[in-house]
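Visitor: Provided below are the primary sequence and the corresponding predicted coordinates.
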Amino acid sequence: MTLNLFNTRTRRLEAFQPLAPGKAGLYTCGPTVYHDAHIGNLRTYVFEDLLVRALRLDGYAVTHVCNITDVGHLVGDADAGEDKMEQGARRESRSVWDIAAHYTALFRRDLDRLNVVPATHWPKATDHIAEQIAMVEGLLAKGHGYLGADGVYFDVQTFPRYAEFARKDLSGQEAGARVAPADGKRNHEDFALWKTSPPGSRRLMEWDSPWGKGFPGWHIECSAMSLKYLGERFDIHCGGIDHIPVHHTNEIAQSEAFLGVHPWVNVWMHGEFLVLDKGKMSKTGGEFLTLQSLVDKGFDALDYRYFCLGTHYRAPLTFSFEGLDAARSGRTNLKARLAELQGVVPAPHAEALAQPLWTRFWEAVAADLNAPRALAVVWETAKDTSTPPALRAALVAAMDAWLGLDLLKAAAEAEIPALGPEEQALLDARAATRAAKNWAESDRLRIELERRGWAVKDTKSGQAWERL
């Protein structure tokens, strides 16, 4: 089945058609390394990892570029205020270079713990200043930029398609077009390509340029680095949905204006927010959860990955520790179901891919990376004792190549509670009574399991159990 992906650019589900046969070029917006990545950030990287794994399972050679923003991202995602890197350096009384190295290392560690496949390239903005200056010079030469009071700006009036990607309505601004923007820009939507340092001041990070000492705007780095590593056009660009109205809209404008191509990127994909009771998780309030904070509370990083897989990447996911605890139970119990397959020599890979269970699993993956449906098929495979162990092991291994949950990796005895044959029979009988909506018998079986020392909870993935 053809891999189908939801394209933000066209707002519809489309069959993936690469620019070059057998190859896929992918750019994902990486972190601004002035602080820890919070678990909301990491949800986006888990979704992008599922995309990479799906492309590779479908036979594509993937070139994946994930940038590291270590300069140019100003507070508030706008063109005013302090650089977030300088903010981080002041907060911790360290150099900006130490801050960048420290949080880049922590970010990479978090991805490793989440089983995220490493990108092919990890370019840093500060290593590509020359490429960014060259692109700004090109935009000026083509009439798409101008020199403002504090740097070089992109003139959105020279790019008629500016509002298309985010479906922006600029009509309200047109009514006030006679009032010049307070910051001296020609148009309210114009954005910085290069920011010059104020006269008589010195920033912690600045470089010589044809327009004076300064630093690149936030958006230009992604355009310059994708051009270097993926060429003038490439297949897929990803990020969080908060990138749609500003960062990605501006990337498209400057890239298509500079290169003279359309579309610059064929497919755009965006992950929804991880939300708390009070809204989107953000660093601006000073309170946020990191992967390490979950580990410190006794969770495994893969419990959080399992938690993310329970909701489609384009749907908001509400975080709670109750939900994460249910995910931990679900992952632990799934591994317990599969414990008998540890050490089993898997059947040939081709034999596994010929099974109906694999067909249904791949249909879920191909339906815009539908992880909840795919996970349900894995549970069905785990419970299917009629299939020979060697074939089940091959199926689970093939499925886990996409899920990334280490399902057949040996676990500590304390992590996988082993049910005895009688308890397993009671649990299976309870599942049958619940399916028949025989709630009284279901409760009786639950109480009997508790008497034998097992607590049973009902989750979206089925029954979860743990030793009392």
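Guide: Received the coordinates, thanks.
Visitor: pLDDT below threshold where in this structure?
Guide: 76-78, 171-180, 182, 277-287, 410-419, 460-461 (pLDDT under 70).
Visitor: tell me the domain ranges of it?
Guide: Taking automatic domain parsing as the reference, the chain has its domains at 4-271, 291-415, 419-468.
Visitor: will you turn those domains into TSV that also has mean neighbour count?
Guide: Placement of C-beta: from N, CA and C, glycine included. Output for the domains of the chain, formatted as TSV (neighbours: other CB atoms under 10 Å):
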stretch	mean neighbour count
domain 4-271	19
domain 291-415	18
domain 419-468	15
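Visitor: ok, and the closest non-adjacent residue to residue 25?
Guide: In space, and not counting its chain neighbours, residue 25 is closest to residue 234: 3.5 Å by CB to CB, 6 or more residues apart in numbering.
Visitor: all helices for the stretch 101-250 of the chain, in order.
Guide: Using DSSP state H, counting those that start in this stretch, the helices assigned to the stretch 101-250 of the chain run over residues 129-141, 171-175, 220-230, 249-259.
Visitor: can I get the ones you listed in CSV with distance to residue 45?
Guide: Formatted as CSV, the helices of the stretch 101-250 of the chain follow (distance: least, CB to CB, whole Å):
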stretch, distance to residue 45
helix 129-141, 24
helix 171-175, 34
helix 220-230, 16
helix 249-259, 19
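Visitor: of all those helices, which lies closest to residue 25?
Guide: helix 220-230 (4.3 Å; CB to CB).
Visitor: other SSEs contacting that closest one?
Guide: strand 23-28, strand 61-66, helix 129-141, helix 249-259 (3 or more CB pairs under 8 Å, 6 or more residues apart in numbering; DSSP states H and E).
Visitor: between those, which gets nearest to residue 239?
Guide: Going by CB to CB, the one of the helices and strands packed on helix 220-230 nearest residue 239 is strand 23-28, 6.7 Å.
Visitor: ok, that closest one: who's next to it in the sheet?
Guide: Sheet pairing here is set by DSSP bridges, and for strand 23-28 it gives strand 61-66 (parallel), strand 234-240 (parallel).
Visitor: list the contacts of the shortest one.
Guide: It stands for strand 61-66. Residues outside strand 61-66 that contact it (CB atoms under 8 Å, 6 or more residues apart in numbering) are 22-30, 52, 55-56, 117, 119-123, 225-226, 229-230.
Visitor: going along the chain, name the strands of the stretch 251-400 of the chain.
Guide: Taking DSSP state E, counting those that start in this stretch, the strands of the stretch 251-400 of the chain run over residues 265-271, 274-276, 279-280, 317-318.
Visitor: swap in the stretch 51-200 of the chain?
Guide: Using DSSP E, counting those that start in this stretch, strands in the stretch 51-200 of the chain cover 61-66, 145-148, 151-154, 191-196.
Visitor: got CSV for these, with distance to residue 257 too?
Guide: As requested, these are exported to CSV (distance: least, CB to CB, whole Å):
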stretch, distance to residue 257
strand 61-66, 21
strand 145-148, 9
strand 151-154, 8
strand 191-196, 11
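Visitor: setting aside sequence neighbours, what's the nearest residue to residue 70?
Guide: residue 100 (4.1 Å).
Visitor: which one of the helices of the stretch 101-250 of the chain lies nearest to residue 309?
Guide: Nearest to residue 309, of all the helices of the stretch 101-250 of the chain, is helix 220-230, at 27.6 Å by CB to CB.
Visitor: need the contact list for the residue nearest to residue 25.
Guide: Counted by CB under 8 Å, 6+ apart, residue 234 has contacts 19, 25-27, 226, 265-266.
Visitor: can you tell me which of these is closest to residue 300?
Guide: Closest to residue 300, out of all of these and judged by CB to CB, is residue 26, at 27.6 Å.
Visitor: is it true that the closest one touches residue 236?
Guide: Yes - counting by CB atoms under 8 Å, a contact exists between residue 26 and residue 236, whose distance comes to 4.8 Å.
Visitor: between those two, what contacts are shared?
Guide: The contact lists of residue 26 and residue 236 share residue 51, where a contact means CB under 8 Å, 6+ apart.
Visitor: if we can go back for a sec, got the helices and strands packed on helix 220-230 as TSV, with distance to residue 1 columns?
Guide: Formatted as TSV, the helices and strands packed on helix 220-230 follow (distance: least, CB to CB, whole Å):
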stretch	distance to residue 1
strand 23-28	17
strand 61-66	19
helix 129-141	39
helix 249-259	30
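Visitor: quick check: chain neighbours aside, which residue is closest to residue 39?
Guide: Using CB to CB, 6+ apart, the closest residue to residue 39 is residue 289 (5.0 Å).
Visitor: quick check, the one you found in contact with residue 38.
Guide: Yes - the criterion here is CB under 8 Å, and residue 289 meets it with residue 38 at 5.9 Å.
Visitor: so how far is residue 8 from residue 167?
Guide: 10 Å (CB to CB, to the nearest Å).
Visitor: hang on, I meant residue 433
Guide: Residue 433 is 45 Å from residue 8, where distance means CB to CB.
Visitor: do residue 170 as well
Guide: 19 Å.
Visitor: now do the same contact list for residue 333.
Guide: Here residue 333 is in contact with 463-465 (CB under 8 Å, 6+ apart).
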